[in-house]
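[1] can you look at this prediction? I've put the sequence above it.
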2 protein chains.
Amino acid sequence: MLGPSDLSLSGERIVATYVIAGTEAEARARAEDLCFEQTVELPADLVPDGAIRDQIVGRVEAIVPRDESHFAAEVSFAVETGGGELTQLLNLLFGNSSIKPGIRLERFSLPDSSLRSFSGPRFGLEGLRERLGVLDRPLLATALKPMGLPPEELANLAYAFARGGIDLIKDDHGLADQTFCPFGERVDLCAEAVARANAETGERSIYVANVTAPADVLHHRIERAKRAGAGGLLVAPGLLGWDVMRQLAADDTVDLPLVMHPALMGSFVVSPDSGIGHAAIFGQVARLAGADATIFPNFGGRFAFTRTECEALAEACATPMGHLRPIFPVPAGGMSLERVPQMLEIYGRDVMLLIGGDLHRRGPDLSATCRALRQVVETSAEGTVLRS
Amino acid sequence: MLGPSDLSLSGERIVATYVIAGTEAEARARAEDLCFEQTVELPADLVPDGAIRDQIVGRVEAIVPRDESHFAAEVSFAVETGGGELTQLLNLLFGNSSIKPGIRLERFSLPDSSLRSFSGPRFGLEGLRERLGVLDRPLLATALKPMGLPPEELANLAYAFARGGIDLIKDDHGLADQTFCPFGERVDLCAEAVARANAETGERSIYVANVTAPADVLHHRIERAKRAGAGGLLVAPGLLGWDVMRQLAADDTVDLPLVMHPALMGSFVVSPDSGIGHAAIFGQVARLAGADATIFPNFGGRFAFTRTECEALAEACATPMGHLRPIFPVPAGGMSLERVPQMLEIYGRDVMLLIGGDLHRRGPDLSATCRALRQVVETSAEGTVLRS
């Protein structure tokens, strides 16, 4: 096989860090193998000499010890091999290597020429703050649940939450278009309930409709949610596809904040020796794919994320990434009023706290519970730092 | 919170088997917890009595020992909670539980009312055989690679493969729309090369174009591939989204066989204690989402699937699933001519063998190598069994 002698590449590189299990020699061998697997997908001895071997095959830039049984391999790729399209970028970073145990994509960085291909979050942290009229405190979010309640009762809950000062009231991610709670009725009633509460309180809470839906009805649901007055959309890219979310963020006719849910994506993070790092998938990829806020399981709750993982994730929401806006980290799951002060110490003020079940645990007056939560947040936030 | 007294559900159930790490008591507790997590997403004590508790919350049907440290939990859900839409079905089966280590979705079964919501594979095993004019032997597939070759050279490869009797010649899954190999030129030249070879051989090989692409250009690429004369489409639902693939299969204007690639989906299967079972994701979900052939890493190659896992996967391609057509299992990765007889003994004749690098290893006359492979397949297949 004869390869071309020149591919006219720019020399710009995508750099990814993989944590690889094994000895240093094993890690190096696996990293070198990955350079081929992720690009030419041929054994090294079958790759023609010349531009393909020199410029298309990835390059091991460094191997650094991580702990007694892991090494971090820094691998770079020519930006032209995958930088401009999210589908191929994810494929380049981890497509086939996801199938190999003992390799974890921890982080990546993209040159500006690649970042410029992505419009990223339409609103981001600042834009969402402006829409909600909340410039200087942590945001509060909750979910409408349980599945099985009819639209009217979910709307009653939405009203109570908004009256109590919750900023963002979202559908539980299991609310789709079930017979017992049709999408259209639900969004009409819930959006109306939040608007009614806003008219009474003078605040600007939003109802966030879950539009995670089959590809052929997704845009009908979004139109319906917009018509109803929803102030944001809940999307689970693990169910919809990452690039579908990216397109929604870039679509001027959608033009609503996107709140990302991690459903079905746990398999990428739960095994420390494989998959994708928390910060990479729920922070970096989330921003590339246009999420304005990224929900993740908080440490200490019923899921198994550690504090370090959550902190890294939150940091990836804020760290400079070309022109891509910072976004809200949204720790969730097992959140309670008592944990709020600690959460704000850790995450700072640029966080959205998602509290679900615990709001129902404190007696029948939901609005009163929400107001108590809001007060805890406002008081606790005073000493903390705004990121922006 | 007051729940409804009646939800008018059908009583039909979706049944899923989860393999859970722990003692029997732990497995039972985790299975019961999963019944809430996947539906109402509230702690048990906050779920209102009545129809929600009785009908929406999942139900543990059985707990069976699996090995010394795992139990298999059979859990059922009301079909109305998720049966009609692939996005919500996947969410119901594994959305949040994917985030919990020690839980693996092994298999599931859907009642007919749910299966009827899915058109499934448009061609399936029989339809693909008919299009290729190969009714009674295993199919042969290969990939155009490496990335970095210009369209003309890929087309030369495609011609040589088709001349040698390879049935299905697909883009490598890393070929997208890179500057050094633009999509349009590639599909035009490769489809033409295969057509030319067919005219000479009298066979009906097809060129399968990789259309895994950003959501907003996906349909342009498909149209271009169809116009060029591509005989099938390569799609990676891990990059595109499962439901996007389902919609392509259901779309009369697409009307081409879909060959599914596992890129980025390895994280679902590589850890034995979490994720989704090989047969469930690459067999059952693949069929629900309309794949006509499902590529997976064969055992004994450079990936880590075991023989048992591959056999279960192949069986899931064929086992009755309502009206959904059986599909081709496509073992790939590290395949060689020498392994063909063993592969046919294991998979039978209803298999598509995907051989990549090894074809390049046997001298410069690719067509001769392919003919040798074809002969091995035809000879070895004589004693084996057709599934249909």
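    That came through fine.
[2] which helix or strand in chain A has the lowest average pLDDT?
    Here the helix or strand of chain A ranked lowest by mean pLDDT, DSSP states H and E is helix A:357-360, holding a mean of 89.
[3] which strands and helices sit next to that one?
    In terms of contacts (3 or more CB pairs under 8 Å, 6 or more residues apart in numbering or on different chains; DSSP states H and E), helix A:357-360 is packed against helix A:366-381. Any C-beta I mention is one placed from the backbone N, CA and C, and that applies to glycine too.
[4] ok, and what's touching the least confident helix or strand of chain A?
    Here helix A:357-360 makes contact (CB atoms under 8 Å, 6 or more residues apart in numbering or on different chains) with A:142, A:161, A:335-337, A:366, A:369-370, A:373, B:1, B:41-43, B:46.
[5] tally of neighbours for the closest residue to chain B within chain A?
    Relative to chain B, the nearest point of chain A is A:Gly241 (2.1 Å; CB to the nearest CB). For A:Gly241, the neighbour count with other CB atoms under 10 Å in any protein chain shown is 28.
[6] over to A:Gly22?
    15.
[7] and A:Thr179, by the same measure?
    Other residues close to A:Thr179 by other CB under 10 Å number 12.
[8] find the nearest non-adjacent residue to it, please.
    Distances taken as CB to CB, 6 or more residues apart in numbering or on different chains put B:Glu80 closest to A:Thr179, at 5.4 Å, once the chain neighbours are dropped.
[9] what of A:Ser336?
    Among residues not flanking A:Ser336 along the chain, A:Asp358 sits closest, at 4.3 Å (CB to CB, 6+ apart).
[10] of the contacts of helix A:357-360, the lowest pLDDT goes to which?
    Within these, the minimum per-residue pLDDT falls on B:Met1 (66).
[11] tell me the secondary structure for A:Arg66?
    Of the three states, A:Arg66 takes strand under DSSP: H, G, I helix; E, B strand; the rest coil.
[12] isn't it right up against A:Val19?
    Yes. With contact defined as CB atoms under 8 Å, A:Arg66 counts as touching A:Val19 (5.7 Å).
[13] count the residues that sit near A:Gly3.
    Neighbours of A:Gly3 using other CB under 10 Å come to 21.
[14] as a whole number, average confidence for stretch A:288-302?
    The average of the pLDDT scores along stretch A:288-302 is 94.
[15] what do you get for stretch A:70-83?
    On average, the pLDDT along stretch A:70-83 is 96.
[16] off-centre distance for that stretch?
    Here stretch A:70-83 is found 22 Å from its chain centre; the criterion is CA atoms, centre = their mean, to the nearest Å.
[17] one more: stretch A:121-134?
    Remark: stretch A:121-134 is offset 16 Å from the chain centroid, using CA atoms, centre = their mean.
[18] so how far is stretch A:208-216 off the chain centroid?
    The answer for stretch A:208-216 is 16 Å, by CA atoms, centre = their mean.
[19] now do the same end-to-end measure for it.
    Stretch A:208-216 stretches 21 Å from its first residue to its last (CA to CA, to the nearest Å).
[20] buried set for that stretch?
    Under the neighbour-count criterion of 16 or more other CB atoms under 10 Å in any protein chain shown, stretch A:208-216 has A:Val208, A:Ala209, A:Asn210, A:Val211, A:Thr212, A:Ala213, A:Pro214, A:Ala215 buried.
[21] chain B next: which of the residues you listed are close?
    When CB under 8 Å from any CB of the partner chain is applied, the members of the buried residues of stretch A:208-216 adjacent to chain B are A:Thr212, A:Ala213, A:Pro214, A:Ala215.
[22] I'd like these as TSV, with distance to B:Val15 and secondary structure appended.
    Listed next are these as TSV, based on distance: CB to CB, whole Å; DSSP: H, G, I helix; E, B strand; the rest coil:
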residue	distance to B:Val15	secondary structure
A:Thr212	23	coil
A:Ala213	24	coil
A:Pro214	22	coil
A:Ala215	26	coil
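[23] quick check: next helix or strand after the longest helix seen in chain A?
    Ordering each helix of chain A by length in residues (DSSP state H) puts helix A:183-201 first. Per DSSP states H and E, the first helix or strand lying C-terminal to helix A:183-201 is strand A:206-210.
[24] quick check: mean pLDDT across the next helix or strand after that next one?
    Next helix or strand after strand A:206-210 toward the C-terminus (DSSP H and E): helix A:218-228. The pLDDT scores in helix A:218-228 average 98.
[25] ok, which stretches of chain A are strands?
    Along chain A, the stretches classed as strands by DSSP state E are A:13-21, A:59-67, A:70-78, A:103-109, A:139-144, A:168-171, A:206-210, A:232-235, A:258-260, A:275-276, A:293-297, A:328-332, A:352-354.
[26] just checking: what are the partner strands of the shortest one?
    For strand A:275-276, the paired strands and their directions (DSSP bridges) read strand A:103-109 (parallel).
[27] residues making contact with the partner strand?
    Contact partners of strand A:103-109, identified using CB under 8 Å, 6+ apart, comprise A:14-21, A:30, A:34, A:72, A:93-94, A:97-98, A:272-277, A:279-280, A:284, A:316.
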